[in-house]
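*Asks:* okay, sequence plus prediction incoming.
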Amino acid sequence: MLLWATLSTTPPGYRLVQNKQSYLTVSKYGNLHIRAKSMSNLKLVGSEPALLLRQGKERVLVVGDLHIGWEVTLARQGIHVPSQTSKMLLRLEAIIAKDHPTRLLMLGDVKHSVTGAELEEWHDVPEFFEKLLSKVPVVQIIVGNHDGNLEPLTPSKVELLPPSGIALWGEYGLLHGHAWPTPEMLGCETLILGHLHPAITLRDAMGYRITKPAWITAPCDPHKLLLGTLKAAGVSTTKEKPLEILDQRFHAKLAVARCIFVPPFNDFLGGRPVNSARLEDKHAGEGLGPLIRSGAVDMDEAEVHLLDGTFLGRVKQLKAFG
């Protein structure tokens, strides 16, 4: 029996029956919201791997992991896939037209080549962002590990931000995920990351397996995050207490409680199943990012939602279906 066949039947007009412990709730009209007090201004955008953060008149659209030019790598392996760049542009333009963001913030890995740029990327990336700039006034990119030599490809109006990320309104810390955040960002209750390409694998008794991109909302150990972040920043904790360092040097109070892992906007990329034993393999490597590798993120207790808002359960419950 497939996993979704065992889920409770939802009332007419609703997608989800949600337990009280879940971070996320779904409205009758399909809008997915964080239930935590400080996150009432965050919602998912339809069935797209995109977030909309709102405060006052500011509306920030967040997407990640476009990997423009990925098809070139496949072609070299004998797999010929049409370019997805124009499709991703159309999807973004549709979201912008509907939700009217004042800013577009990308969580990194805009292109696929790690250090240089393929000929296709030199053509596609500038045109892609020129068209986006005609639709939204501010475009920012948090540089990911695939974004080497990105600056010459992007229009001058596109702002490139460091891999350590950016804090919004003291509530959200946004970063790509291959590097540690700045210590100041631990004053935000929620960290929002790309890089992981999170997915969920479901398998029935007959061996039929399906893998779908998924939203992952995971609790984290703030003190482990603080120690790792200070170490990455080159700050010694031998003479001062970490909390005092954060307060006195970085003027922040430790508040981080959860991480949200954003699925890739390029839906041809596949994903990394979070309920697979391979995620825990010590050889999983850089693909997980330092926050997960440090043990500060409790993936077993992480909640899993499909793109349409369907709540599947926690990772520890879903490992039996992986």
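*Replies:* Received the coordinates, thanks.
*Asks:* what is the burial count for residue 152?
*Replies:* 9 (other Cβ atoms under 10 Å). (Each C-beta comes from the backbone N, C-alpha and C, glycine too.)
*Asks:* that one belongs to a helix?
*Replies:* Yes: according to DSSP: H, G, I helix; E, B strand; the rest coil, residue 152 belongs to a helix.
*Asks:* measure it to residue 81 for me?
*Replies:* 26 Å (Cβ to Cβ, to the nearest Å).
*Asks:* repeat for residue 159
*Replies:* 31 Å.
*Asks:* same question for residue 55.
*Replies:* According to Cβ to Cβ, residue 55 stands 39 Å off from residue 81.
*Asks:* average pLDDT across the host helix or strand of residue 123?
*Replies:* According to DSSP states H and E, residue 123 maps onto helix 119-133. Averaging pLDDT along helix 119-133 yields 84.
*Asks:* equivalent analysis for stretch 310-322, please.
*Replies:* In this model, stretch 310-322 has a mean pLDDT of 88.
*Asks:* would you list the phi and psi of residue 59?
*Replies:* Backbone geometry at residue 59, expressed as degrees, to the nearest 10, gives phi -130, psi 110.
*Asks:* just checking, it touches residue 96?
*Replies:* No: contact criterion Cβ atoms under 8 Å: residue 59 and residue 96 do not qualify, at 10.1 Å.
*Asks:* burial check on residue 269, number of neighbours?
*Replies:* Residue 269, neighbours per other Cβ under 10 Å, totals 19.
*Asks:* swap that for residue 89, please
*Replies:* 19.
*Asks:* same check on the one 4 residues further on?
*Replies:* The burial metric for residue 93, expressed as a neighbour count using other Cβ under 10 Å, is 15.
*Asks:* same question, residue 153
*Replies:* When neighbours are defined as other Cβ under 10 Å, residue 153 has 20 of them.
*Asks:* how about the contacts made by the residue nearest to residue 164 when sequence neighbours are not counted?
*Replies:* Once flanking residues are discounted, residue 164 sits nearest to residue 182: 4.7 Å by Cβ to Cβ, 6 or more residues apart in numbering. Residue 182 makes contacts with 164, 165, 167, 229, 233, 250, as judged by Cβ atoms under 8 Å, 6 or more residues apart in numbering.
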